[in-house]
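Colleague: I need the structure of the sequence given here:
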Amino acid sequence: MAQSIAVVESVSRVYHVGREDVYAVREANWQIDPGRFIALQGRSGSGKTTLLNLVGGLDRPTAGTVRIMDSDTRRMSDRELTMLRRHKIGFIFQAFALLPVLSAYENVELPMRIAGMGGRKRHERALELLDLVGLSKRASHRPFELSGGEQGRVAIARALANEPALLLADEPTGDLDSVTGLQMMLLFSRIVRREGVTVVMATHDLSVRDIADETFTMSDGVLSRWHPSQEEPSDPINTLVREAEAGQWRPPNREAPKQAPPGR
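Modeller: Numbering: from 1, shown residues only. Below you'll find the model as predicted:
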């Protein structure tokens, strides 16, 4: 059986606010297996981002254990965590955080340059990833010349640059319209199949349930597994998702309604 990408055991993250202890994550248990698209759902303030930060080695738990690629983050130095993140984990944030003075190609190439990858390999990998996300013809454009959805795809390509085993995406569709957000989620699903990477995406978008391999929910810091039996019947978004996956979705007709003849 393949080794888990990350294992969270009885993890809590507590912040001290005045004299009170505030639980951002409360006794979470979670096993993240390789080659999966995993959705983490919950409202703002539910603890999603804190849990992603713990899984990504950006934070350490107050109690419990987080193991990333079988390494206990509590026993790792800051330098060891930095190297783990640089080579094994890719991050995508809601604001995408692209460097505005660099082109799409240069943004994707930068992590490989920092990691010391050779010039020819960097070039080939950057072009390959831009093609994967459908932006090979926009490689020379800077972020302000790209739409929100295109910026998101550049951020995905950049996160994949160093061939990570784990990709963590924190609300990447939060500022996108529903159709563009759906396209990004379908892209994540395709990347999992093609690249073999595990994707964990935090979102409040319910449509991800029909696309992700597994869905978990966060509420007041408590992590739970979501099951399809919990879905509300006749959810119209499910039809949209299935049509998009099959390539059958078409934009709605935006033509103005015809005016009635005079006298009617």
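
Colleague: Next up, the contacts around the residue nearest the centre of the chain.
Modeller: Centre of the chain computed as the mean C-alpha position; nearest residue by CA atoms, centre = their mean is Ala169, 2.2 Å away. For Ala169, the contact set (CB atoms under 8 Å, 6 or more residues apart in numbering) comprises 91-92, 156, 159, 188, 199-202. C-beta coordinates here come from the backbone N, C-alpha and C atoms, glycine included.

Colleague: what secondary structure does it sit in?
Modeller: Here Ala169 takes the strand state, with states given by DSSP: H, G, I helix; E, B strand; the rest coil.

Colleague: How much space separates it from Phe96?
Modeller: When distances are taken as CB to CB, to the nearest Å, Ala169 and Phe96 turn out to be 10 Å apart.

Colleague: again with Phe144
Modeller: Summarising the geometry, the distance separating Phe144 from Phe96, computed by CB to CB, is 12 Å.

Colleague: Repeat that for Ser77.
Modeller: 30 Å.

Colleague: Have a look at these two and say which one is more surrounded.
Modeller: Neighbour count, other CB atoms under 10 Å: between Ser77 and Phe96, Phe96 has more, with 19 against 8.

Colleague: ok, the more buried one to Thr65 distance?
Modeller: Applying CB to CB, the value for Phe96 to Thr65 is 32 Å.

Colleague: What of Gly42?
Modeller: Distance, Gly42 to Thr65, by CB to CB: 22 Å.

Colleague: quick one, which of the two is more surrounded?
Modeller: Gly42 (22 against 14).

Colleague: Secondary structure element holding the nearest residue to the more buried one once chain neighbours are set aside?
Modeller: When the adjacent residues along the chain are set aside, Gly42 lies closest to Met218, with 3.5 Å between them (CB to CB, 6 or more residues apart in numbering). Taking DSSP states H and E as the definition, Met218 sits inside strand 214-219.

Colleague: who does that strand touch, helix- and strand-wise?
Modeller: Using 3 or more CB pairs under 8 Å, 6 or more residues apart in numbering; DSSP states H and E, the elements in contact with strand 214-219 are strand 37-41, strand 222-225.

Colleague: could I have the last one exported to PDB, CA atoms only?
Modeller: Spelled out, it's strand 222-225. What follows is the C-alpha trace of strand 222-225 in PDB, where atoms were taken according to Å, rounded to 0.1, in the frame of the first residue of the first chain:
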ATOM      1  CA  VAL A 222     -14.000  20.300  13.800                       C
ATOM      2  CA  LEU A 223     -13.100  18.100  10.700                       C
ATOM      3  CA  SER A 224     -15.600  15.600   9.400                       C
ATOM      4  CA  ARG A 225     -15.900  13.400   6.300                       C
END
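
Colleague: Output the below-cut-off pLDDT ranges for the stretch 151-264 of the chain.
Modeller: Judged by pLDDT under 70, the stretch 151-264 of the chain has its weakly predicted residues at 229-264.

Colleague: hey, where'd the helices end up in it?
Modeller: Counting by DSSP state H, counting those that start in this stretch, the stretch 151-264 of the chain forms helices over residues 178-195, 236-245, given from the N-terminal end onward.

Colleague: how many other residues sit next to Pro61?
Modeller: Other residues close to Pro61 by other CB under 10 Å number 21.

Colleague: Repeat that for Phe144.
Modeller: The local packing of Phe144 (other CB under 10 Å) involves 8 other residues.

Colleague: mind checking the SS state of the residue lying closest to it once chain neighbours are set aside?
Modeller: Take Phe144 and drop its neighbours on the chain: the residue closest to it by CB to CB, 6+ apart is Pro100, 6.5 Å away. Three-state assignment for Pro100 (three-state DSSP): coil.
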